[in-house]
Every structure is written in C-alpha cells, then in structure tokens.
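Trainee: sequence? don't have it. structure:
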C-alpha cells in the first residue's frame, strides 16, 4: 500500500480514507468471507487490531468501521458477528454502529489484575451490546512465568463474577501450550 512500494498511500492513516485502499480491503474481506465464512468454528470478524494507533482521527475510524461492518453483513451469508479492537477502550461512536455487533477491550495488568478487567467492564457498562475482554494476562511488557500462570488461572474465575459476556481470553496462549 505504501507509495514507496508502488502503492497508493503516503501515510499509514490514509488506509482508512483512501478510496482505492478501502476497495482493496473490501476485496480482501470478500475473499476471506468466501474462503472461511462457512466454517462453523468461525466466531466473528475482527476488523482491525489497535486501529487507534493507525489513524488518530475518530471520524475516519468511525466512517471506516461503518462501511466495512455494513459490507461484511451484506456479503456474509453465515451472518457472523463483526467487531473492532483498540489499544484502549475505543471510540464510543464505533461501538454504537448497528453493524458492529459486540464490544471488546484488552485487559492488561497496569494497576492490578482485577482492576485490569473491572476497568474496561465498567467503561463499557452503558453500551447495550455484549462485552468481552479479548486479551489479558500479565503486562503487555511481559511477566514472570509464575505471575502469568496465576493470572491465566484466575482469569476465568474473575470473568464469571463480572458483567462480561464470556470469560476473558488469554493472550499468552503460547505459554499455555508450552506448559501444558
């Protein structure tokens, strides 16, 4: 996509506003949906990871999510859910888009384990959609194995006692496989 490589974008943030990039993304989504949409184990389509790092404009992020989530709902015959992802709690206008089906946030241990889950849960409490902690476990900077093991063990228990739509999903899945 970069102009230095023959693409159409001068800056990364233009990926949300450049018409050619948007149409390219739709073609990629159409292929992905045609290829994997019938799989019964496909839960949802996540449009982007940490999109607020890509483009600082809330208006651009809202317009892009609105167009892409609507497009997925138009072409996905299996009617999978669609969501977004941010490095923080995201943009309320994105979560209010009718074709964004559920909300999610990361829950990393910045201020203590329970606070890392309770903070996002409280921030999303007023949004009438299901809410998930889509990744958690230790610090995003890493943790000791014993600290991480404790948090991975405690995550489901904490999730069952909070207003979440599912138990928190651990990010450190490779740690689980290595120690299983």
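Mentor: Structure's in. What do you need? The shown structure was predicted, so the numbers you read here are calculated from the model rather than taken from an experiment. Residues are numbered from 1 along each chain as shown.
Trainee: could you show me where the helices are in this protein, in order?
Mentor: Here the chain has its helices, by DSSP state H, at 19-36, 58-75, 92-95, 113-123, 145-160, 173-179.
Trainee: Just put the ones you listed in TSV and tack on mean pLDDT.
Mentor: As requested, the helices of the chain are exported to TSV (pLDDT from 0 to 100):
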stretch	mean pLDDT
helix 19-36	98
helix 58-75	98
helix 92-95	96
helix 113-123	89
helix 145-160	87
helix 173-179	75
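Trainee: just so I know, which of those lies nearest residue 103?
Mentor: Proximity to residue 103 (Cβ to Cβ) singles out helix 92-95 among the helices of the chain, at 5.0 Å. No exception for glycine: its C-beta is placed from N, CA and C like everyone else's.
Trainee: And the contacts of the closest one?
Mentor: Helix 92-95 is contacted by residues 58, 61, 62, 65, 84, 100, 103, 124, 127, 129 when judged by Cβ atoms under 8 Å, 6 or more residues apart in numbering.
Trainee: ok, the last one touching residue 98?
Mentor: No - with contacts defined as Cβ atoms under 8 Å, residue 129 does not count as touching residue 98, sitting 9.8 Å away.
Trainee: quick one: which of those two has more around it?
Mentor: For the pair residue 129 and residue 98, the greater number of neighbours falls to residue 129 (16 against 10), based on other Cβ atoms under 10 Å.
Trainee: if I pick that one, what's in contact with it?
Mentor: So residue 129 contacts 95, 100, 101, 102, 103 (Cβ under 8 Å, 6+ apart).
Trainee: Identify the residues contacting the third one.
Mentor: Listed by Cβ under 8 Å, 6+ apart, the contact set of residue 101 reads 44, 81, 82, 83, 129, 130.
Trainee: redo that, cut-off 10 Å
Mentor: 44, 45, 69, 72, 73, 79, 80, 81, 82, 83, 129, 130 (Cβ atoms under 10 Å, 6 or more residues apart in numbering).
Trainee: Could you identify the most distant pair in those?
Mentor: 72 and 130 (17.2 Å).
Trainee: Among those two, which residue is more densely surrounded?
Mentor: residue 72 (24 against 15).
Trainee: The more buried one reaches residue 34, doesn't it?
Mentor: No - the criterion here is Cβ atoms under 10 Å, and residue 72 misses it with residue 34 at 11.9 Å.
Trainee: avg pLDDT for stretch 37-45?
Mentor: Taken as a whole, stretch 37-45 carries a mean pLDDT of 95.
Trainee: residues of it that come out buried?
Mentor: Of the residues in stretch 37-45, 37, 45 count as buried by neighbour count, 16 or more other Cβ atoms under 10 Å.
Trainee: what about that stretch, start to end distance?
Mentor: 10 Å (Cα to Cα, to the nearest Å).
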